[in-house]
Each structure stands twice: as structure tokens, then as C-alpha cells.
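1. After the sequence you'll find the predicted model.
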Amino acid sequence: MARRLFSTQLMIALTIMASLALAQGVLAGWNANRAEAQVMRGRVAGDLQSGFWELSATKQRLRAWSLRALIGADHAPGDGEMLRQRMAGIVDRLQVLSAEAERLDRQAGVVSTEGPARDETLALLEASVVALRDPIAEINRRGPTRDARTAWAAIESVFDRGAGRDLRELLNQRIETEAQILKQARAAADRSLERVALMTTATAVLLGLTALVLALYFARALRRPLAEMSAVAKAFEQGQLTHRMPTDGYKEFARFGDSINRMAAELLARREQEAGIRAELEVQVAARTRELEAALGELRQAETRRRQLLGDISHELRTPMTAIRGEAEVALRGATKAAGDYREALSRIGQAARQMGTLIEDLLMMARSDAEVLYLDLADLDANAPLEEALAGASSMARQRELTLKVEADPAPAPVRADGQRLQQIMVLLLDNALRYSRAGGEVTVSAGPDPEADGTWRLRIVDHGVGIPPEDLPRVFERGFRAANARAHRPDGTGLGLSIARALAERQGGGITLESAADTGTAATLRLPLIQAAG
């Protein structure tokens, strides 16, 4: 039975480590802030001491300048006021530093009496610097004097006395006091830094020991579960799916063991199922092999039909060539003949040439379709225009074969996106088939206009009452080279390429061709093309 949660113990350990690390960070930060405050206070004290030294030195220079001016020694008249202004600037800077020192003392919780005394000294020095303006101006105005001692005694009180106090003594006291404050601040900063280092070392040692103890504890706790998992993994690797993992100990590992055991049982069931599937797959492979063999037989039949097609085309090409050569030889043989005889011979030669040209065009079209490089020059046009051209040629053929061609075309424009020449070729092929396979005295009906069964589509429907197509041959009439038996009996000179070429051209232009037929009842061929408005 599961006894306790391993994750709970791990969470407690991590919480202890995090608490120790947080405490270390807080204490180190607090000590660091105190050390920083002490360092800043020492820096301000040092700046104050340096300022008072600089103020004393500048004051001595101004005193020396005054003496040289009074006794007529070499001096620059503007140096006096310049030195006085420098003293004023030093006093201003010292006042700012004094305010900063008081702020730092308050922030650190230190109650000091040096701030008011320093401010009082700076106020006296500031008043003394202001009071020196007029005496310096008087020295520059009057110039050297015979009684320099008397003149110096008049302004000495301004240099060294202020509010009844000795400014030199006050200045020296402030320098000594700031030196002591600087020494104290540095000592406090050193002590704070030592505390930071000591506390950091102590907490680091404590964290290290705690981490070591926890690592040893958890390593001992994890040894057995990890060994069991390793044994299960090796057993599964060797295919021993009947091996099971113990489910006692920590709850997490018990649940993991249950999951592993269920997975092993599932894999065992899957293995048995896979064996059954493999047997079934072998049966399917055998069936598929038979299907492929049947497909191979069909391919061989297709190859046979292709060879038969080439033989038919060769025969068809030889027939017009023989007719042309025979007519030419008859026309050229013997004495000169009448013009009518030559015209008849040339007419028969032209008819044979046209027949041969049609065969050659069919062969080229078949080759292009096979290579899928059939070029189309698509443009917006009225489908009625190529239909009129196709009907013009079909009318003369219908008269020659004693057939009635009935046309019912909607005169409204039928804008389509197509190749006009290719579209006319499709229409000529469909009309030629309808006329070729109609019996003498029969009728071929042509209707054209919007498709009543599909919006946005133009439809050309050609219906004949000829030999028709048997139901078993109807699915194959679009195969290249295929001709139904009744079609061969009616017209032995065909190639079986017309419908295949027509459908390929129609599909390349976004349309399609369908056939409806039955033996001895005729055929209905339908060409559909999308109208431009519907396509847009």
C-alpha cells in the first residue's frame, strides 16, 4: 500500500531551501543598504572636509592679494573679486553638502548636533564673503597706500571676524569635525561590509549543508523506485510484457507502477491483435496482387489497342496517299485531257489530301494531349461565332450525305473565355461524328443557348438518330483509339481520336462534354462552357 507522497516531501524541502535563500537575500540586502548609506555618508563628509579646506585656501589667497594690492606689489586687479566669488561658490556647495549630510543622518536614524553647528558656520562664512565685496572694490579703487598697515587693519576684521566670532577658528574646527565624521563613517561602513561578508558566508554554508542533507535523503529515497523502473524497462526491452512493476512505496511511484502495468497489458493485447492484423494484411496483399495483375492485363490490352490504332492510322494514311498518287498518275497518263477531267482529278486529289490532313492533325493533337502541352490562346468571345463557322462546313457535308441539319440557336450573345479556333474544332468534331454515324435521309438537330439545367452555363446539344453506342461501350468512347463494333461496321475509316481530342480541349477551356446514347437509337452529345458573367 502507498504510504506517503514523495512530492509533498520534495515541496517541503524546496520550501526550506527557498526560505533560506530568501532570508539570505533579505539580510544581505539590508546590510548592503546600510553599508551603502555609510559609504555615502563618508563620501559627503569627505566632500565637506575638502570644501572647507578649499575655502580656507581661497581665503588665504584673497588675503595675500589684498596685502599686495595695499603695498603696491605686483597683482591682478580682477583677482580679488574672482577669489571672493569662488569663496561664495564654495560656500554654496558646502551648504548643499550639509543638507545632504543631514538627510543621510535622518535616513540612517542618527541624531547629530553637527548639522546646526555646520549650518551656523556656513551662514557666518557666507555673510563674511558678502561683506568683503565693498572692501575689495575700495582696494581696487584706491590702489596702493602709504599707510598699508592702517588700511589692512580696517579690513582685517571683515576677513577674520563675523558676528563677534573668530572665523578662522570656526573654519579650523569644522575641518577637524568633518575629519572625525569621515573617520567614523568609514569605520561604520567597514563594519557593515564585514557583517555582509560574514552573513553571506554563514548563509552560504547553511544552504550548502541543507542541500547536501536533502540530496542524500532524496537519493536514498529514489534508489529503490529507480532500480525497479530500470528492471521493468530492461524486461520490456527484451519483450517480456508479462513483467510487472511493484505498486508499494510512495504514492507517485505506485501510481506510475499501475500505469506501467496497464500499459504492458495493453501492449500485450496489441501484440496479439497485431498478429491477427498481420494475417489479415497478408490476405489483402494477395488480393491486391491479383488486382495489380488484372491492371497489368488491362495495360497490355491498352498496348494492344495502341498498336491496333497505329495500324489503323497507317492504313488510313496509305489510303489517301494511294488515291492521290493514282489520280495524279491517271491525269498525267496518255494524251492531253479536257479541263473538266483535270478538274475532277484535282477535286478528288484535294478531297484525299483533306482526309490525310485530318488524320495528321488528329495524330498531332493526340501527341500534344499526351505531353500535356496543348496550347490555347484564350480570349473573350461569343460562342455563336465559331458555331456559325462549324455549321457552315457541316451544312455542305449534310447535303452530300442526304441528311437534314436542323439548327435551333439562341441569337443572344454567349460570352465565354475560350480559344475560338479550338472551340470551333470541338464543334466540328461533334458535328462530324453526328453526320458520319447517321443513316442516309436522317436528321441531326443542333440546339445552342443558356443551359436550362445550370445557371451561368452555355450549352451546345447535337442529337442524331444514327447507329448509336451500345451501353457497354459508352464509358469507353472517350478513350483514344477506341471504336465500338457498330461504329467500325458503319464507318471502317475512323481513328477513334475525335471524342478524346474534343473532351481534352473542352476541359482545358473550363467546360466539358457528355454523351447519351443507346444502340440503334442515336446519340446526344452535349458541350457545356461557363459564361463570363458566371465565372466573374
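-> Here it is on my side, so go on.
2. contacts for stretch 21-35?
-> With contact meaning C-beta atoms under 8 Å, 6 or more residues apart in numbering, stretch 21-35 is reached by 108, 189, 192, 193, 195, 196, 199, 200, 203, 204, 207. In this view, the C-beta of every residue, glycine as well, is placed from N, C-alpha and C.
3. can we see that at 10 Å?
-> Contacts to stretch 21-35, defined as C-beta atoms under 10 Å, 6 or more residues apart in numbering, come from residues 108, 188-200, 202-204, 206-207, 210.
4. Show only the entries of the residues you listed found in helices.
-> Per DSSP state H, helices hold the following members of the contacts of stretch 21-35: 188-200, 202-204, 206-207, 210.
5. Buried ones from these, can you make that a PyMOL selection?
-> This is how PyMOL selects the buried members of those, with burial counted by 16 or more other C-beta atoms under 10 Å:
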select buried, resi 188+189+192+193+195+196+199+203+207
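6. tell me the domain boundaries of this protein?
-> When the chain is parsed with automatic domain parsing, its domains come out as 6-214, 245-373, 374-535.
7. could I get those as a markdown table with distance to residue 234?
-> Shown next, in a markdown table, are the domains of the chain (distance: least, C-beta to C-beta, whole Å):
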| stretch | distance to residue 234 |
| --- | --- |
| domain 6-214 | 23 |
| domain 245-373 | 12 |
| domain 374-535 | 62 |
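8. Out of those domains, the one nearest residue 223 is which?
-> Nearest to residue 223 among the domains of the chain is domain 245-373 (11.3 Å), distances taken as C-beta to C-beta.
9. Averaged pLDDT, the longest helix seen in the chain. What do you get?
-> Counting residues, the longest helix found in the chain (DSSP H) is helix 251-332. Helix 251-332 shows a mean pLDDT of 75.
10. Against which helices or strands is it packed?
-> Applying 3 or more C-beta pairs under 10 Å, 6 or more residues apart in numbering; DSSP states H and E, one finds that helix 251-332 contacts helix 6-71, helix 167-237, helix 339-371.
11. again, only this time at 6 Å
-> With contacts taken as 3 or more C-beta pairs under 6 Å, 6 or more residues apart in numbering; DSSP states H and E, helix 251-332 sits against helix 339-371.
12. quick revisit: of all the domains of the chain, which lies closest to residue 225?
-> domain 245-373 (4.4 Å).
13. Please identify the deepest-packed of the domains of the chain.
-> Highest mean neighbour count among the domains of the chain (mean count of other C-beta atoms under 10 Å): domain 374-535, with a mean of 17.
14. Tell me where the stretch 351-500 of the chain is predicted with low confidence.
-> The stretch 351-500 of the chain contains residues with pLDDT under 70 at 351-352, 355, 358-359, 361-375, 481, 485, 489, 491-496.
15. quick one on the thing from earlier: what's the closest of the domains of the chain to residue 238?
-> Among those, domain 245-373 comes nearest to residue 238, with 12.6 Å by C-beta to C-beta.
16. thinking residue 55 is in contact with residue 90, fair?
-> Yes - counting by C-beta atoms under 6 Å, residue 55 touches residue 90, with 4.6 Å between them.
17. list residues touching both of the two?
-> Common contact partners of residue 55 and residue 90 (C-beta atoms under 6 Å, 6 or more residues apart in numbering): none.
18. related to what we said a few turns ago, off-centre distance for the longest helix of the chain?
-> 40 Å (C-alpha atoms, centre = their mean, to the nearest Å).
19. can you check stretch 97-108 too?
-> 58 Å.
20. what's next to that stretch, contact-wise?
-> By C-beta under 6 Å, 6+ apart, stretch 97-108 touches 37, 41, 44, 47, 48, 112, 115, 118, 119.
21. Same check on stretch 179-197?
-> For stretch 179-197, contacts defined as C-beta under 6 Å, 6+ apart pick out 28, 31, 32, 34, 35, 38, 39, 41, 42, 45, 46, 49.
22. cool, and stretch 511-520?
-> 468-470, 502-503, 506, 523-529.
23. And those, which two are furthest apart?
-> Most distant of the contacts of stretch 511-520, by C-beta to C-beta, are 470 and 529, 28.8 Å apart.
24. and residue 438, helix, strand or coil?
-> Put simply, residue 438 is coil when judged by DSSP: H, G, I helix; E, B strand; the rest coil.
25. isn't it right next to residue 464, touching?
-> Yes - the criterion here is C-beta under 6 Å, and residue 438 meets it with residue 464 at 4.7 Å.
26. Mind listing the shared neighbours of those two?
-> Common contact partners of residue 438 and residue 464 (C-beta under 6 Å, 6+ apart): residue 444.
27. all helices for the stretch 351-500 of the chain, in order.
-> For the stretch 351-500 of the chain, the helices defined by DSSP state H, counting those that start in this stretch cover 384-400, 420-436, 485-490, 498-508.
28. looking at the ones you listed, which is closest to residue 457?
-> Proximity to residue 457 (C-beta to C-beta) singles out helix 498-508 among the helices of the stretch 351-500 of the chain, at 12.4 Å.
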